[in-house]
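*Asks:* no FASTA, just this:
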């Protein structure tokens, strides 16, 4: 059963509210960052090559070859399961995000209080 027009508007408002409250959670839930097939194929091939090197290292008693094979397997798996980094946040959210390198002069508690006040002001 399709949603009514009112329900679609309410759902869109809820999505916008979630994106404004917690953009990281919204991006994680939305599934926008999909695995790239090229990375999956390359990761699988690298993993298989790593298995081959590992087996060859064990069969020939070359420890270094076994270690290289294990590292290749690990890199292949990481490449296959990795997702692309999220794109830069929407311009609407950029004003709310503080740069990572910017340091606050206050203590930890004062920074938490500032963040709390800022969030509370945004929700008004």
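*Replies:* Looks like it came in fine. Predicted model only: the values in this text are computed from it and were never measured.
*Asks:* what ranges do the helices span in the chain?
*Replies:* Per DSSP state H, the chain carries helices over the ranges 5-21, 23-30, 37-60, 63-81, 91-94, 108-122.
*Asks:* weakest of the ones you listed in terms of mean pLDDT?
*Replies:* Ranked by mean pLDDT, the helices of the chain end with helix 91-94 at the bottom, a mean of 44.
*Asks:* ok, back up a step: any chance of the helices of the chain in CSV, with mean neighbour count too?
*Replies:* Quick note: C-beta positions are derived from backbone N, CA and C, even for glycine. Formatted as CSV, the helices of the chain follow (neighbours: other Cβ atoms under 10 Å):
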stretch, mean neighbour count
helix 5-21, 12
helix 23-30, 13
helix 37-60, 15
helix 63-81, 15
helix 91-94, 10
helix 108-122, 11
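*Asks:* Test my guess that residue 49 contacts residue 79.
*Replies:* No. Counting by Cβ atoms under 8 Å, residue 49 does not reach residue 79; the two are 11.9 Å apart.
*Asks:* and the protein, what are its domains?
*Replies:* With automatic domain parsing as the criterion, the domains of the chain are listed as 6-32, 36-85.
*Asks:* so which of those comes closest to residue 117?
*Replies:* Closest to residue 117 of the domains of the chain is domain 6-32 (Cβ to Cβ; 15.3 Å).
*Asks:* Centre of the chain to the closest one, how far?
*Replies:* Computed by Cα atoms, centre = their mean, to the nearest Å, the chain-centroid distance of domain 6-32 equals 17 Å.
*Asks:* Residue 15 and residue 24, how far apart?
*Replies:* Look at residue 15 and residue 24: by Cβ to Cβ, to the nearest Å, they are 15 Å apart.
*Asks:* Check residue 72 too.
*Replies:* Computed with Cβ to Cβ, the distance linking residue 72 and residue 24 is 32 Å.
*Asks:* and the nearest residue to residue 43 once chain neighbours are set aside, what is it in contact with?
*Replies:* The spatially closest residue to residue 43, leaving aside those adjacent along the chain, is residue 80, at 2.8 Å (Cβ to Cβ, 6 or more residues apart in numbering). Residues near residue 80 by Cβ atoms under 8 Å, 6 or more residues apart in numbering: 35, 39-40, 42-44, 47.
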